[in-house]
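**Student:** Provided below for reference: sequence and predicted model.
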Amino acid sequence: MHVARILSISLLFTALEAAVPPAPRIFPKDALMVASVPDWTSAEAGMRSAPIGQMWADPVMRPFRDKAEKQIREQLFGSMEKDLGIKTEEFLSLLQGQVSFAAIRGDWKPSEPASNPTFVLLIDAKDKSEQLKTLLQTIRQKMAELKRTTKTIRIRDINFTTLVIEAASKANGNGKKDDDEKTEAKADRLELTFGQVDSALVVSTSTAGLEPVVARLTGGTVPVLADNADFTATESWGGFRDASAYVFLQTTGLLDIMKSGDSKDSGEGLFGLNPEQAITGMGIDGIRSAAWMYRHTSSGMTSRTLFSIPESKRVGLAKLLRFEPKESAPPAFVPADAVSFQRMRLDGQQLWSGLESMVQMMSPQLGGLLSMSIGALGKDKDPKFDFRQMFFGNLGDDYVSFEKVPRSRSASDLANPPSLTLVGAVRPDDMVTAIKALSGLLPGGGDDMKEREFNGRKIWSMTLPNAEGGQRMLEIASTPGYVAFANDRSILEEYLRSADTSTKPLKDQPGLAEAAQQVGGFTKGVFGYDNQRESAQATWETLRSGSGINDLVPTMGKEAVGSADNWVDFKLLPPFDQVSKYFGISVSTAFWDGTGFQMQSFYTQPK
């Protein structure tokens, strides 16, 4: 009995020792970036049960799904299947445990073209260790048959194979490479080293960067990311241990490397602006780390984006964007049929004053030009006009915007759905006067600005150029506490008469308050809402009609559009009403706390 118990305990400890450690205990302390799916099987199950996974598996999506998956298989795994005889399914079946990727500092010197950080990919096959071993043997045999340049190295008594990938050689007129071409060829040369440690597949672009990773996997003691104070603080703050996936960026290390680069590139630029001085002035060098994570739950999906910034380092932009913890719920005038909504509580006067000071500190030349330009606004018609006071001196602390469904499915209407933006103002009429003076800078000198009256209030309208080379309308009105800007007459008029009507407000929409609690409620100072079912429908049907991506994104070039069309055929999408049940609402917020700045989003399970 005792022998059996001792044997069981021994086997347990052996299994624990053989298990692949989590990413923070594998990658070295100087890792600049780590992206990890801690448990691929669990994350895949969560994605399949999520609305997007259920929609992808729906039989109505099969024509679109089959072609998309075929293209993905051919484009991403085609050479592996053709050259190595390895089926895509064989490789994907190895993704059982964690899948992690890291960029390691190593001896990276940005000033040297041939110098790069080390990139490492780790895949834990767990109980499919033997299949992984067989797969790697097959790859090595195929490489030999194809006479590819390879070499075998040993790290910690484990064999690794290095595949050398040479760039196409360039020669001068004498058939010889000059020094610059040799440097370029060296920079284009790529070495991939791969091997198996227990149940883990490890692939790296540098053997030097690979050694500390293998050391940890084989039980060695080396400083790891988990020993880094910035990482451990972010890991706890962001809830990495419960995450389905996360990304961590060690910004301090990255900035240190950039600052140590070639000094000839760090001289003054336009307006005497020094890049390093700009980074310091904007407070970017105060960011200790940046991270992103997401997690599936039975009620929906949560994501967080985090920037760790100590209180003492919150200068520049971090000092300007200090959202005030005030009420940020949708006001009563925002209608229930709004498909998206954003509200931000930020002291506009302090924001502008701080922005001017920041620009002046970074570049006195640019700061002087900015101050002179603002001071001259409106003085062509009234020498005593003070634009700075009339506009910036009237900014409030409340900014509200919302959109409705596009008027039609034309490209122009999809790009410009009816929207209303409200800028908090101390004296709205004075701010409108400043805006009218600003319109004098537009083509035509603002002479096309027209005035009309609606519901006892004056409305000014003008036309502005749009990104497509055409024109769009802008209407402006002064209202109690706000100056309203709209690109659609009806949405502005609806707002102006909202006090006299009993339109159902967005804030009373079922499920909104409950969803808001998932991101901290309505009092963080920033809140956003998106009705994905309504906002996605017009885009979905436009794609399905065959109009293509170029209508939705006119700035995409023909080559980019053609490339996208080769991957997916949107005409194979089913009618939106067959998949609308998979679209719900999402809410978001942003706030500061003792650790730094955080943005949270929550995507509900559709009902």
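**Tutor:** Nice, thanks for sending it over.

**Student:** Identify the bridge partners of Phe341.
**Tutor:** Beta-bridge partners for Phe341, by DSSP bridges, are Phe402, Tyr529.

**Student:** which SS state does Met33 fall under?
**Tutor:** The three-state assignment at Met33 reads strand, by DSSP: H, G, I helix; E, B strand; the rest coil.

**Student:** what's the longest helix along the chain in contact with?
**Tutor:** For the chain, the longest helix by residue count, based on DSSP state H, is helix 62-84. Residues from elsewhere that reach helix 62-84 (CB atoms under 8 Å, 6 or more residues apart in numbering): 56, 86-88, 91, 138-139, 142, 146, 566-570, 572-574. Every C-beta, even on glycine, is put in place using the N, C-alpha and C of the backbone.

**Student:** and what of stretch 313-320?
**Tutor:** Applying CB under 8 Å, 6+ apart, the external contacts of stretch 313-320 come out as 280-288, 309, 322, 350-351, 354-355, 358, 597.

**Student:** quick one: the helices in the stretch 101-250 of the chain?
**Tutor:** With helices called from DSSP state H, counting those that start in this stretch, the stretch 101-250 of the chain shows them at 129-145, 179-188, 207-217, 229-238.

**Student:** Tell me the pLDDT of Ser263.
**Tutor:** Note on Ser263: pLDDT of 47.

**Student:** same check, this time on Ala185
**Tutor:** Note on Ala185: pLDDT of 47.

**Student:** so is Ala318 in a helix, a strand, or just coil?
**Tutor:** Quick answer, by three-state DSSP: Ala318 is helix.

**Student:** In which helix or strand does Phe307 reside?
**Tutor:** Phe307 is part of strand 300-308 when elements are defined by DSSP states H and E.

**Student:** Can I get that strand as CSV, trimmed to CA atoms?
**Tutor:** The C-alpha coordinates for strand 300-308 follow below in CSV (Å, rounded to 0.1, in the frame of the first residue of the first chain):
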residue,chain,number,x,y,z
GLY,A,300,-19.9,37.4,-23.0
MET,A,301,-16.4,38.4,-23.9
THR,A,302,-14.2,40.9,-22.0
SER,A,303,-11.2,42.6,-23.4
ARG,A,304,-8.8,45.1,-21.7
THR,A,305,-6.0,47.3,-23.0
LEU,A,306,-3.7,48.6,-20.4
PHE,A,307,-0.9,51.1,-20.1
SER,A,308,1.1,51.0,-16.9
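
**Student:** What pairs with that strand, parallel or antiparallel?
**Tutor:** Partners of strand 300-308 in the sheet, by DSSP bridges, are strand 289-297 (antiparallel), strand 596-604 (antiparallel).

**Student:** ok and that strand relative to helix 229-238, angle-wise?
**Tutor:** 150 degrees (axes from the mean of the first three to the mean of the last three CA atoms, to 10 degrees).

**Student:** What lies in contact with strand 300-308?
**Tutor:** The contact list for strand 300-308 (CB under 8 Å, 6+ apart) reads 50, 230, 233-234, 237-239, 287-295, 515, 518-519, 584, 595-605.

**Student:** and Pro63, how far is that from Pro51?
**Tutor:** Separation of Pro63 from Pro51 (CB to CB, to the nearest Å): 20 Å.

**Student:** In terms of neighbours, single out the busier of the two.
**Tutor:** Between Pro63 and Pro51, Pro51 has the larger neighbour count (other CB atoms under 10 Å), namely 19 against 14.

**Student:** so what's the nearest residue to that one once chain neighbours are set aside up against?
**Tutor:** Spatial nearest neighbour of Pro51, chain neighbours left out: Tyr582 (4.3 Å); criterion: CB to CB, 6 or more residues apart in numbering. When contacts are counted by CB under 8 Å, 6+ apart, Tyr582 is found next to Pro51, Ile52, Gln54, Met55, Asp58, Pro606.

**Student:** next one: Trp592
**Tutor:** Contacts for Trp592 (CB under 8 Å, 6+ apart) come out as Arg322, Phe323, Gln598.

**Student:** got a pLDDT number for the first one?
**Tutor:** If I follow you right, that is Arg322. Listed pLDDT for Arg322 reads 89.

**Student:** Confirm it sits in a helix?
**Tutor:** No: Arg322: not assigned to a helix; according to three-state DSSP it is coil.

**Student:** That one: neighbouring residues, count only.
**Tutor:** 16.

**Student:** What's opposite the closest residue to it other than its chain neighbours in the beta bridge?
**Tutor:** In space, Arg322 comes closest to Trp592 once its chain neighbours are excluded; the distance is 6.5 Å by CB to CB, 6+ apart. Here Trp592 sits in beta bridges with Phe597, going by DSSP bridges.

**Student:** Show me where the protein dips below the pLDDT cut-off.
**Tutor:** Where the chain drops to pLDDT under 70, the residues are 1-18, 80, 83-84, 110-111, 166-189, 258-272, 440-447, 466-470, 547-565.

**Student:** returning to what we had before: got the contacts of Trp592 as a markdown table, with distance to Gly481 columns?
**Tutor:** Written out in a markdown table, the entries for those read as follows (distance: CB to CB, whole Å):
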| residue | distance to Gly481 |
| --- | --- |
| Arg322 | 21 |
| Phe323 | 19 |
| Gln598 | 29 |
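
**Student:** which one among those residues gets closest to Phe27?
**Tutor:** Nearest to Phe27 among these, counting by CB to CB, is Gln598 at 24.1 Å.

**Student:** show me the residues around that closest one that make contact.
**Tutor:** The contact partners of Gln598, taken as CB under 8 Å, 6+ apart, are Trp237, Arg304, Thr305, Leu306, Phe307, Ala590, Phe591, Trp592.

**Student:** Of those residues, which is the nearest to Gln96?
**Tutor:** Ranking these by separation from Gln96, with CB to CB as the measure, puts Arg304 on top at 26.5 Å.

**Student:** sorry, back to before: now the strands paired with strand 300-308 in CSV, with distance to Leu210?
**Tutor:** Shown next, in CSV, are the strands paired with strand 300-308 (distance: least, CB to CB, whole Å):
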stretch, distance to Leu210
strand 289-297, 24
strand 596-604, 33
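
**Student:** can you pull the buried residues of stretch 526-545?
**Tutor:** For stretch 526-545, the buried set under the neighbour-count rule, 16 or more other CB atoms under 10 Å, comprises 526-538, 540, 542-544.

**Student:** Among these, which ones are in helices?
**Tutor:** Gln532, Arg533, Glu534, Ser535, Ala536, Gln537, Ala538, Trp540, Thr542, Leu543, Arg544.

**Student:** And the closest residue to the second one other than its chain neighbours, its phi and psi?
**Tutor:** Once flanking residues are discounted, Arg533 sits nearest to Phe583: 3.9 Å by CB to CB, 6+ apart. Backbone geometry at Phe583, expressed as degrees, to the nearest 10, gives phi -110, psi 130.

**Student:** Verify the contact between Phe583 and Gln532 for me.
**Tutor:** Yes: with contact defined as CB atoms under 8 Å, Phe583 reaches Gln532; the gap is 4.4 Å.
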